[in-house]
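Colleague: quick one, fold the following:
(one chain, ligands or ions: 1)
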Amino acid sequence: MVKETIRVYARVKPLGRRQQAGIYSVDNDEKSLSSLEIIVPRDLADGFVNNKRESYKFKFQKIFDQEAKQDVVFDTVAKPVAECVLAGYNGTIFAYGQTGSGKTFTITGGAERYSDRGIIPRTLSYIFDQLQKDSSKVYTTHVSYLEIYNECGYDLLDSRHEASRLEDMPKVTIMEDPDQNIHLKNLSLQQATNEEEALNLLFLGDTNRMIAETPMNQASTRSHCIFTIHISSKEPGSATIRHSKLHLVDLAGSERVAKTGVGGHLLTEAKYINLSLHYLEQVIIALAEKNRSHIPYRNSMMTSVLRDSLGGNCMTTMIATLSIDKRNIDESISTCRFAQRVALIKNEAVLNEEIDPRLMIVQLKKEIQELKDELALVTGKQRTSELSQEELLQLDELIEAFLEDNDPDSILDVGVDMRKIKYCFVHLKVFLLNIAEAGEEELKKLKELLQQRDNEISILYEEKNNIWV
Ligand SMILES: Nc1ncnc2c1ncn2[C@@H]1O[C@H](COP(=O)(O)OP(=O)(O)OP(=O)(O)O)[C@@H](O)[C@H]1O
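Modeller: Now for the predicted structure:
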């Protein structure tokens, strides 16, 4: 079991050409946590007497500043989690931040350059590379891609996705088993035997992803997307299977509704997103509080799906994506505040091992045969489960002789063969039952005789009385 707090990183998105930078500084300390300071200068328009805070400081595992490259982010953030998943633990990496702050760029990557590949393709590449190198185990890999949009789940790897309207698609629903494990109905698990197949599935899912325009961002996704890599591994000949999964999560934009300036249908969407992120925040607050017994996971689909990733059996890492544009400073501060709370949560990751019953049976049968062979070698006789006719006759004779022998010290010696010992016990049980039955029969007859004599005496007694009268 590995008990550790959620690791929280921050990534600052490069400033766009028309954007004005806010004031911030990064202090990346190699030995301990790194710190980010954001300065919000007091506005003279608010008057001379102004107690508003100017400096906001936050601690992170590491802060990736504007120039940080995708490979460095992968090596620092995702590689350690991928290694744990390969060892049989569950892992989650999720990106949280306002729309346009670089969540999708970090998790999936940019389309322009090969070097812009994000955490998902790099993780797939790394995992398949490692699996190929390890010939000591047999691995099976599947992927699934879930989109949560307006509190409904959709399978992004469903081939009907492109052809059908979202409303017509089968909805992914949550089911909970008696052990409170979450199962997702209608979410397909697609097998991927190599990196190329897995990348094709990622591409299919990304093509299917819901895209709508908002005034905040031209190509913003307002759904939560969870790409999951499922790995099972087994050593040849062993009945123990290890299952692990890695969730790579791109959450919807965390900005507050008022700022986005949307209305109508998009407002409904925004409310749903804010509501599910609000529930996520509630779960985080509850988990960060000590002695809190109820954690409100069931309030939204996303928190239900991520239940194990937050406060459960998982190695979890969060990347807070920040836009340092002056207009987005408030949102960046609230993202950092959220991240600080997440950093307090402790998870307990355990190895997910189970025994394959079919393989267990095969193994036990093999073991029995080996023991039989060993016994045959020692006794010089091939042992079958049934006694032979000849052996049975011999036993019957031995039992009869034993029962007829009046010597109280006589013994019944059948050797160390459980089949023979059991046979003798059964035989003796039947013998005793027969004696008991015979005894009951005798008793019944005696009772009847007694009754008959009683009746005769009564008659004689009455006759004698009649004579005297
Ligand atoms: N570190 C980066 N380096 C270069 N470009 C980036 C970086 N981060 C983001 N971008 C670019 O900024 C734009 C917005 O980023 P992205 O789509 O990743 O934001 P997002 O947080 O996922 O937004 P949404 O909430 O809409 O999904 C994209 O064009 C992306 O390519």
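
Colleague: got the CA positions of stretch 399-412 in CSV?
Modeller: Extracted in CSV, the C-alpha atoms of stretch 399-412 (Å, rounded to 0.1, in the frame of the first residue of the first chain):
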residue,chain,number,x,y,z
ILE,A,399,-14.3,-56.0,9.0
GLU,A,400,-16.2,-59.3,9.5
ALA,A,401,-13.3,-60.9,11.3
PHE,A,402,-12.9,-57.7,13.5
LEU,A,403,-16.6,-57.8,14.5
GLU,A,404,-16.6,-61.5,15.3
ASP,A,405,-13.5,-61.3,17.4
ASN,A,406,-14.6,-61.1,21.1
ASP,A,407,-11.2,-59.9,22.2
PRO,A,408,-11.7,-56.2,23.3
ASP,A,409,-8.0,-55.4,22.2
SER,A,410,-8.4,-56.6,18.6
ILE,A,411,-7.7,-54.0,16.0
LEU,A,412,-8.8,-53.3,12.4
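
Colleague: residues of that stretch that come out buried?
Modeller: For stretch 399-412, a neighbour-count test (16 or more other Cβ atoms under 10 Å) marks 399, 402, 412 as buried. Quick note: C-beta positions are derived from backbone N, CA and C, even for glycine.

Colleague: so what touches that stretch?
Modeller: 398, 424, 427, 428, 431 (Cβ atoms under 8 Å, 6 or more residues apart in numbering).

Colleague: redo that, cut-off 6 Å
Modeller: The contact list for stretch 399-412, computed with Cβ atoms under 6 Å, 6 or more residues apart in numbering, reads residue 427.

Colleague: tell me how far that stretch lies from the chain's centre.
Modeller: The chain centroid and the centroid of stretch 399-412 are separated by 63 Å under Cα atoms, centre = their mean, to the nearest Å.

Colleague: now do stretch 297-309
Modeller: 13 Å.

Colleague: do the same with stretch 198-210
Modeller: 24 Å.

Colleague: using CSV, write out every CA atom in that stretch.
Modeller: Provided in CSV are the C-alpha atoms of stretch 198-210 (Å, rounded to 0.1, in the frame of the first residue of the first chain):
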residue,chain,number,x,y,z
ALA,A,198,-4.1,3.1,-29.2
LEU,A,199,-3.3,6.3,-31.0
ASN,A,200,-6.0,5.6,-33.6
LEU,A,201,-8.5,5.1,-30.8
LEU,A,202,-7.4,8.4,-29.3
PHE,A,203,-7.8,10.1,-32.6
LEU,A,204,-11.3,8.6,-33.1
GLY,A,205,-12.3,9.8,-29.7
ASP,A,206,-11.0,13.3,-30.2
THR,A,207,-12.8,13.5,-33.5
ASN,A,208,-16.0,12.6,-31.8
ARG,A,209,-15.5,15.0,-29.0
MET,A,210,-18.3,17.6,-28.5
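
Colleague: is the ligand within reach of it?
Modeller: No: using Cβ under 6 Å from any ligand atom, stretch 198-210 stays clear of the ligand, with a minimum separation of 9.6 Å.

Colleague: what about the nearest residue to residue 22 once chain neighbours are set aside, which helix or strand?
Modeller: Ranked by Cβ to Cβ, 6 or more residues apart in numbering and with sequence neighbours excluded, the top spatial neighbour of residue 22 is residue 329, at 4.3 Å. If you go by DSSP states H and E, residue 329 is part of helix 329-342.

Colleague: please consider this matter closed, and thank you.
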